[in-house]
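Peer 1: Okay, here's the prediction I keep looking at, along with the sequence it came from:
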Amino acid sequence: MAEWSAGWSGEAPDDADGVLALCEGSVVRPGAGWLHDWDRMAGLLAADSDPVFVGRFDGRSVYVVELARMKAGDESGHVSLREALLETEDAPVGLISTSVQVLQWWRDHRFCGRCGQPTDYHPTERARWCRQCQVPWYARLAPCVIVVIRRENRFLLARSSRTRRYYYSLIAGFVEPGESAEEAVKREVMEETGLTVNNIRYRTSQSWPFPHQLMLGYFADYVAGDLVLQEDELAAADWFEPGLLPPVPPATTIAGHLIRVMEQEISCGEGPG
Ligand SMILES: [Zn+2]
């Protein structure tokens, strides 16, 4: 694994050793590796794309850019973000995930949301800075909870009504202002399924740059209620036991990982944690 530090130096080095190139939701590879030489980027950038400093990767200063759209059909080297992050073994996941979110932040905060003036670099932090208002504009991060609900030796899987992918996954949703993550778990589960849960326990998290979620993974136990699905969220949901699951997301996703951990816990005869 390459050495990676995403720290913000406070200065904007003009010595790009490597460039991660994005284009409309895809990473554009230069061939075998992931980083382009800066010299080869001339004339390829999108009209509104500044090169933005991301961090140091293997001792190299890395920038991210958005490329201009290619001619139709000329998409050599294009790898969808999803494929790069979840299905490509040698992908530098931290670098790509950070780059996508840094570029998004940079484009979203070119102007101050209070006074409308153009923003600058913050002198010491990864933030854009409005001199007039003295306000920093940080990258957005949206915390989301995702939860496996256990009921004796089965657990709940649900199929979203918003995706065309035919697989079953977990109940998930955004944390709202003023809520703890555990409160968000209870509310989301109640809203989407009509069920009450308790014994909510944290397992793990995953950065999910589609576009800027931080997924917080939980286990919870069923307490009461009959399944009543929120139709605009869920097309189907049911209780499943280990070994008899419908298609589920890959283990590289937090949903896929949590499902496999729960499957193993139940198969090994472990009670709720
Ligand atoms: Zn301002």
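Peer 2: Yes, it's here. Numbers count the residues shown, from 1 in each chain.
Peer 1: What residues does the stretch 1-150 of the chain have near the ion?
Peer 2: Residues of the stretch 1-150 of the chain lying close to the ion by Cβ under 5 Å from the ion are 112, 114-115, 130, 132-133. From N, CA and C alone the C-beta is placed, and that goes for glycine too.
Peer 1: Any quick ChimeraX command for the buried ones out of these?
Peer 2: Selection of buried members from those for ChimeraX, criterion 16 or more other Cβ atoms under 10 Å:
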select :112,130
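Peer 1: which pair in the residues of the stretch 1-150 of the chain next to the ion spans the largest distance?
Peer 2: Spatial extent of those (Cβ to Cβ) is set by the pair 114 and 132 at 8.4 Å.
Peer 1: if I look at those two, which residues touch both of them?
Peer 2: Taking Cβ atoms under 8 Å, 6 or more residues apart in numbering as the contact rule, residue 114 and residue 132 touch no residue in common.
Peer 1: burial count for residue 94?
Peer 2: Close neighbours of residue 94, defined as other Cβ atoms under 10 Å, add up to 17.
Peer 1: what helix or strand is it on?
Peer 2: helix 93-108 (DSSP states H and E).
Peer 1: Given the next helix or strand along the chain from that helix, what are its sheet partners and their directions?
Peer 2: Following helix 93-108 in sequence order, the next helix or strand is strand 120-121 (DSSP H and E). Strand 120-121 has the following strand partners under DSSP bridges: strand 128-130 (antiparallel).
Peer 1: I'd like to know which elements the helix holding residue 94 is packed against.
Peer 2: strand 18-23, strand 52-57, strand 60-66, helix 81-86 (3 or more Cβ pairs under 8 Å, 6 or more residues apart in numbering; DSSP states H and E).
Peer 1: Tell me the buried residues in the last one?
Peer 2: Taking 16+ other Cβ under 10 Å as the basis for neighbour counts, the residues of helix 81-86 that come out buried are 81, 84-86.
Peer 1: Now do residue 43 against residue 55, distance only.
Peer 2: Going from residue 43 to residue 55 by Cβ to Cβ, to the nearest Å gives 26 Å.
Peer 1: of those two, who's got more company?
Peer 2: residue 55 (21 against 6).
Peer 1: hmm, who's touching stretch 197-217?
Peer 2: With contact meaning Cβ under 8 Å, 6+ apart, stretch 197-217 is reached by 81-82, 85, 96-97, 100-101, 104-105, 139-147, 149, 172, 174-175, 181-182, 185-186, 189, 218-223, 253-254, 257-258, 261, 272-273.
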